[in-house]
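A.B. asks: model this:
(2 chains)
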Amino acid sequence: MSTTISRITAVVTAAGLGLVTLSACGSSDSGSDGGAGSKTVTLVSHDSFVYSKAVLKAFEKQSGYKVKVLKDGDAGQAVNKAILTKDNPQGDVFFGVDNTLLSRALDNGLFQSYEAKGSQAIKSEYRVDQDKHRVTPIDSGDICVNYDKAYFSEHKLTPPASLDDLIKPAYKNLLVTENASTSSPGLGFLLGTAAKYGDDGWQGYWKKLKANGVKVVDGWEQAYNDEFSGSAGGKKAKADRPLVVSYASSPPAEVIYGDPKPKTAPTGVSAGTCFRQVEYAGLLSNAKNAKGGKALIDFLVTKQFQEDMPLNMFVYPVVEGAQVPAEFTKYGPAAKDPETMAPAKIAANRDQWVKSWTSLVLK
Amino acid sequence: MDLARTEVAPRKGRTGNAARLGLMAVPVAFFGIFFAYPVAAIVARGLKVDGVWQWGRIGDVLGQSDIRHVLWFTTWQALVSTVLTLLIALPGAYVFARFDFRGKQILRAVVTVPFVLPTVVVGTAFLAIVGRRGLLDQLWGVRLDTTVWAILIAHVFFNYAVVVRTVGGLWAQLDPRQEEAARMLGASPMKAWRKVTLPALGPAVAAAALMVFLFTFTSFGVVQILGGPTFSTLEVEIYRQTSEIFDLSTAAVLTIIQFAAVGAILAVHAWTVRRRETALRLVAPEVTARRPRGAGQWALLAGVLASIAVLLVMPLAVLVQRSLDAPGFAYYKALTHDDGGIFLVAPIEAIGNSLRYALAATVIAVLIGGLAAAALTRRAGRLVRGFDALLMLPLGVSAVTVGFGFLIALDEPPLDLRSTWLLVPLAQALVGVPFVVRTMLPVLRAVDGRLREAAAVLGASPWRVWREVDLPMVRRALLVAAGFAFAVSLGEFGATVFIARPDNPTLPVAVARLLGRAGDLNYGQAMALSTILMVVCAVALLLLERVRTSPTGEF
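C.D. replies: The predicted structure follows:
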């Protein structure tokens, strides 16, 4: 017995020593944590959050805060994780909850009230939650079907103009869209059809869409860059779907990122297929650096940041007077009369719709 | 060896029990705090409304046809995967057990590499073969991703080693003279095999099959990457319900269902393992293996080697080839830039993170697992057997549940671990412990008490007895256990993906996120990172082959 014990003691001691040594060297890299040191303000967002470093530097210089950005998965995941960790949040400000998920964040008490300085400049059509000011609108974009111009001219086919067109036999097996339960454009497209065809009609529409060969992939990246024949990535990958659910700002992006830059956009937008998406930021409940968080939210609605966004994230500013880049209007005019839906209606139906959609389209 | 144990038992019965309880205290506390509590917390979050458990939800959830479909698919694909794995790997087990051929040692390590590979890498490797622009797509325009075939083949790839090691290890030690004796007594070769070898092998085959079933029943990374949006195992569905649909109550019900299923599988497994421990006449494996003779045996060997080449080696080779598919190691070079946009650090830093986390996880797993194995060494009562099964549970409980549980349960004093880096190694250690226990236990049980007594009689001091008798055996087992725990921690994905901070991704997390984004460079970087991960795992494993003691390991 004594031998067993000494053997075990030796193992335990060795292991314990190792652990101590490891924690000693490991603790150095957890020092980057914002903590109570109010000089750092942490912004939690999704993977698609892109900004100009210079603009953030300018904020740091003006305010004296150092900004730390945590990109925490795709939009939906980032929101869900923020909700689960709201008692002890990972940061101070969350940016990137959109109108399709807003109610989930608000109902779960993710944010505390704060009315941003300069929020008067935000266009009224984007404002929600006016009595409590838990969120501040930051950008908007339209989710629309994009088409590959080359494909349609080659096949002497008119690109679809509306949701109704998409179920016509001429467009069979041409559309790729995203999983409504995992992707925000996918969900936006579903909500657009629900807005257009109503609570009773959208399922019938999707049945027809499925019969017409719609393909569903998990995320926007796969749909747009791997499956859509009109994008630069898709051409390289010999993709074979000339219709994709993407954004109204995707055609200008094709030009701006084109190498070499094409004269006109290789893709177009089916104007009658759009759904409007608005993204919000909010001060997290239990933020450790609330003061810094407030300053950061103020900054997000300044002209400086608002005008920096469009060419980084391909979204539209929401503040009056903020310039939209010339490329946006030149290569892809904004959608006409996009479908919209009140956040309350989305809140009441979203989960059920996604569930029915999953059974209907994926299973 | 049992003799020695029963001999000392009466004298030390009571103190022995106290010592065992003492040994068990630390692992029990560890599992209580870092497994039971977080899992209970996330389940409660989903199923408790205003302090009242909503057990009725179980019926509601089971009543949904798409959930029943998930259950059906989970079971069905696990069964088919298990059968396929047995069909393909059993001839391999035989060849490794009975034939002696050049390069056998290395090949044995090679077939084990897939098992320690992270599922993300396995998924990536198969994507490179059966996916868009994959090998088959380029050669014949065939794509199997988002079909069930890709999942099944990847499962065979992944679990081949489980069968070869569990069954082959025992097979190599079965005395062939018993079968020969039966034949001399007039039995036909078939009958001799059926009456002598098969019964001896049966429990090992059953144990291997159950392990494969367990691993494929709870498959996550492979299904997630290869299955597309249509296929979903319970584990994947728990992930989707929690992280995407945010239906915590459905996720909680599914967690409970998986928990029950895994508990049942483990109970059956424990039973078969006990049956395997019944007395068999074992001999040294070197004695039983010989060079193949005759056309039939050579053909069998060739067939097994060919299947290994196609099924196991090719996916890994394609992975490496894809990672080099740009001039001048461009994909590897890209790993050092931090302007990729996904992470705030260069992807290459994930390597350092992974190694650091895995090292810490290994230390924890060896510590906890070592104590647990020591507690389990002596003859087991019912309580201890329950403890044994408890240690295995983390292998089968949704890693996603554990990850989310960590997030919501370990975030306030005295257990405020959320912002410390230790959170990740702790979660990874949970999956490492079962491997440590399974590796250490047979060796600890096999230390022959008579050896110690003999040494003492010859005048050795207790310290010297420990150093000369126990240490050499235990040290090697410890190294093997540590190596397994290290490889498993390195590849852990399901839990890590939730709790690794976005600025500190591990290798598998980085691979998955790179794969989720389209574009050549991201794909290439995913391949390059996977290759690096594969090489690290393979090196760890090859080192293990050199110190491995008992060929009858359960993994």
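
A.B. asks: Would you map the helices across the stretch 151-300 of chain A?
C.D. replies: Here the stretch 151-300 of chain A has its helices, by DSSP state H, counting those that start in this stretch, at A:163-166, A:184-211, A:220-221, A:232-236, A:250-256, A:290-300.

A.B. asks: quick one: contacts for the nearest residue to B:W55 once chain neighbours are set aside?
C.D. replies: Once flanking residues are discounted, B:W55 sits nearest to B:L47: 7.5 Å by Cβ to Cβ, 6 or more residues apart in numbering or on different chains. No exception for glycine: its C-beta is placed from N, CA and C like everyone else's. Contacts for B:L47 were tallied using Cβ atoms under 8 Å, 6 or more residues apart in numbering or on different chains; they are B:W53, B:Q54, B:W55, B:R57, B:S249, B:A252, B:V253.

A.B. asks: pLDDT weak spots in the stretch 1-150 of chain A?
C.D. replies: Residues of the stretch 1-150 of chain A meeting the criterion pLDDT under 70: A:1-37.

A.B. asks: Those residues of the stretch 151-300 of chain A touching chain B, which are they?
C.D. replies: Selection of the stretch 151-300 of chain A residues close to chain B by Cβ under 8 Å from any Cβ of the partner chain yields A:179, A:181-182, A:216-219, A:221-222, A:224-226, A:233, A:236-238.

A.B. asks: can you pick the most crowded of the residues you listed?
C.D. replies: Neighbour counts for these (other Cβ atoms under 10 Å in any protein chain shown) peak at A:Y224, which has 27 neighbours.

A.B. asks: And the pLDDT at that one?
C.D. replies: A:Y224 is assigned 89 on the pLDDT scale.

A.B. asks: In chain A, which strand is the longest?
C.D. replies: Ranked by number of residues, the top strand in chain A under DSSP state E is strand A:136-148.

A.B. asks: re earlier: for A:A54, find the nearest of the helices of the stretch 151-300 of chain A.
C.D. replies: Of all these, it is helix A:290-300 that lies closest to A:A54, at 13.5 Å by Cβ to Cβ.

A.B. asks: Next secondary structure element downstream of that closest one?
C.D. replies: Toward the C-terminus, helix A:290-300 is succeeded by helix A:303-313 as the next helix or strand (DSSP states H and E).

A.B. asks: one step back: return the closest of the contacts of B:L47 with respect to A:A271.
C.D. replies: Distance to A:A271, by Cβ to Cβ, is smallest for B:S249 among these, at 40.8 Å.

A.B. asks: contacting residues around the closest residue in space to the closest one that isn't next to it in sequence?
C.D. replies: Sequence neighbours aside, B:G46 is the residue nearest to B:S249 in space, at 4.4 Å (criterion: Cβ to Cβ, 6+ apart). B:G46 makes contacts with B:L248, B:S249, B:T250, B:A251, B:A252, B:V253, as judged by Cβ under 8 Å, 6+ apart.

A.B. asks: Any figure for the gap between B:G46 and chain A?
C.D. replies: According to Cβ to the nearest Cβ, to the nearest Å, B:G46 and chain A sit 11 Å apart.

A.B. asks: Restrict the host helix or strand of that residue to CA atoms and write it as CSV.
C.D. replies: In the assignment (DSSP H and E), B:G46 maps to helix B:37-47. Output in CSV follows, covering the C-alpha atoms of helix B:37-47 (Å, rounded to 0.1, in the frame of the first residue of the first chain):
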residue,chain,number,x,y,z
TYR,B,37,-22.4,21.4,-12.4
PRO,B,38,-22.0,23.2,-15.8
VAL,B,39,-24.1,20.6,-17.6
ALA,B,40,-26.8,20.8,-15.0
ALA,B,41,-26.7,24.6,-15.2
ILE,B,42,-27.2,24.7,-18.9
VAL,B,43,-30.0,22.1,-18.7
ALA,B,44,-31.7,24.0,-16.0
ARG,B,45,-31.4,27.2,-17.9
GLY,B,46,-33.4,25.5,-20.7
LEU,B,47,-35.8,23.5,-18.7
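
A.B. asks: next SSE after it?
C.D. replies: Toward the C-terminus, helix B:37-47 is succeeded by strand B:48-49 as the next helix or strand (DSSP H and E).

A.B. asks: Tell me the neighbouring strands of that next one, and mark each as parallel or antiparallel.
C.D. replies: Here strand B:48-49 is paired, per DSSP bridges, with strand B:52-53 (antiparallel).

A.B. asks: for the partner strand, the distance to its chain's centre please.
C.D. replies: Its chain's average C-alpha position is 35 Å from that of strand B:52-53, according to Cα atoms, centre = their mean, to the nearest Å.

A.B. asks: Can you tell me what sits against that strand?
C.D. replies: B:A44, B:L47.

A.B. asks: can you do 7 Å?
C.D. replies: With contact meaning Cβ atoms under 7 Å, 6 or more residues apart in numbering or on different chains, strand B:52-53 is reached by B:L47.

A.B. asks: model confidence over stretch A:233-253, on average?
C.D. replies: Mean predicted confidence for stretch A:233-253 is 87.

A.B. asks: distance between the ends of that stretch?
C.D. replies: With Cα to Cα, to the nearest Å as the measure, stretch A:233-253 spans 12 Å from end to end.

A.B. asks: What are the buried residues along that stretch?
C.D. replies: A:233-234, A:237, A:239, A:241-253 (16 or more other Cβ atoms under 10 Å in any protein chain shown).

A.B. asks: Contacts only, for B:L90.
C.D. replies: Taking Cβ under 7 Å, 6+ apart, we find B:L90 in contact with B:V163, B:V167.

A.B. asks: neighbouring contacts of the strand or helix carrying A:N80?
C.D. replies: If you go by DSSP H and E, A:N80 is part of helix A:75-84. Here helix A:75-84 makes contact (Cβ under 7 Å, 6+ apart) with A:44-46, A:72-73, A:89, A:94, A:96-98, A:101, A:104-105, A:108, A:110, A:182, A:184, B:243-244, B:246, B:404, B:407-408.

A.B. asks: run the last query once more with 6 Å
C.D. replies: Applying Cβ atoms under 6 Å, 6 or more residues apart in numbering or on different chains, the contact partners of helix A:75-84 are A:46, A:72, A:94, A:96-97, A:101, A:105, A:108, A:110, A:184, B:243-244, B:246, B:407-408.

A.B. asks: Just give me the closest of these to B:D137.
C.D. replies: Closest approach to B:D137 among these (Cβ to Cβ): B:E244, at 28.3 Å.
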